[in-house]
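K.L.:
coords please:
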Amino acid sequence: MTACGHGACRSQTTQFYLSGWRCPDHTPARLAGRPEPLTLTERGLRPWWVRDDGSVIPPPPLSTSWVHDSRAVASGRRVSGERRRAAHAGEQYDRATPDGAP
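P.N.:
Numbers count the residues shown, from 1 in each chain. I've put the predicted structure just below:
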């Protein structure tokens, strides 16, 4: 844990704020004389990735778009990035030499 960065206070129970690491006695709201803001749970809200029963929605796999894209390139429905860049540059694309060398 990081020590509180307010004056001589060296409390180890801290949380990071834009003004730095602060203990519960030296939070920006406490120093300004305001109450601490409520958390999502205290406001009766929940993050979008948490279901009503408390279970967490898993993130989608990152590889699915790559799999579909590589299948589209292999089937000829979409050209590869190398071939598209060569076409825009006005060059002939040769599959045997992907760098475009003759």
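K.L.:
point out where this protein drops to low pLDDT.
P.N.:
1, 61-80, 84, 86-88, 90-102 (pLDDT under 70).
K.L.:
and the strands in it, which stretches?
P.N.:
15-17, 20-22 (DSSP state E).
K.L.:
tell me which stretches of the protein form helices.
P.N.:
28-31, 63-75, 81-88 (DSSP state H).
K.L.:
ranking the strands of the chain by burial, who's on top?
P.N.:
strand 20-22 (a mean of 18; mean count of other CB atoms under 10 Å). The way it works is simple: take the backbone N, C-alpha and C, and place the C-beta from them, glycine included.
K.L.:
got a list of contacts for that strand?
P.N.:
2-6, 14-16, 28 (CB atoms under 8 Å, 6 or more residues apart in numbering).
K.L.:
10 Å - rerun?
P.N.:
1-6, 9, 11-16, 26, 28-31 (CB atoms under 10 Å, 6 or more residues apart in numbering).
K.L.:
given that strand, what are its sheet partners and their directions?
P.N.:
Looking at strand 20-22 with DSSP bridges, its partner strands are strand 15-17 (antiparallel).
K.L.:
who touches Ala29 in this structure?
P.N.:
Here Ala29 is in contact with 17, 22, 35-37 (CB under 10 Å, 6+ apart).
K.L.:
stretch 16-27: end-to-end distance?
P.N.:
Start and end residues of stretch 16-27 are separated by 9 Å (CA to CA, to the nearest Å).
K.L.:
that should have said stretch 31-40, apologies.
P.N.:
22 Å.
K.L.:
just the buried positions in that stretch, please.
P.N.:
Neighbour counts over stretch 31-40 (16 or more other CB atoms under 10 Å) mark no residue as buried.
K.L.:
now tell me what touches that stretch from outside.
P.N.:
Contacts of stretch 31-40 (CB under 10 Å, 6+ apart): 6, 19, 22, 24-25, 27-30, 42-47, 50.
K.L.:
of those, keep whichever come out buried.
P.N.:
6, 22, 27.
K.L.:
ok, these vs Val56, which is closest?
P.N.:
Thr27 (28.5 Å; CB to CB).
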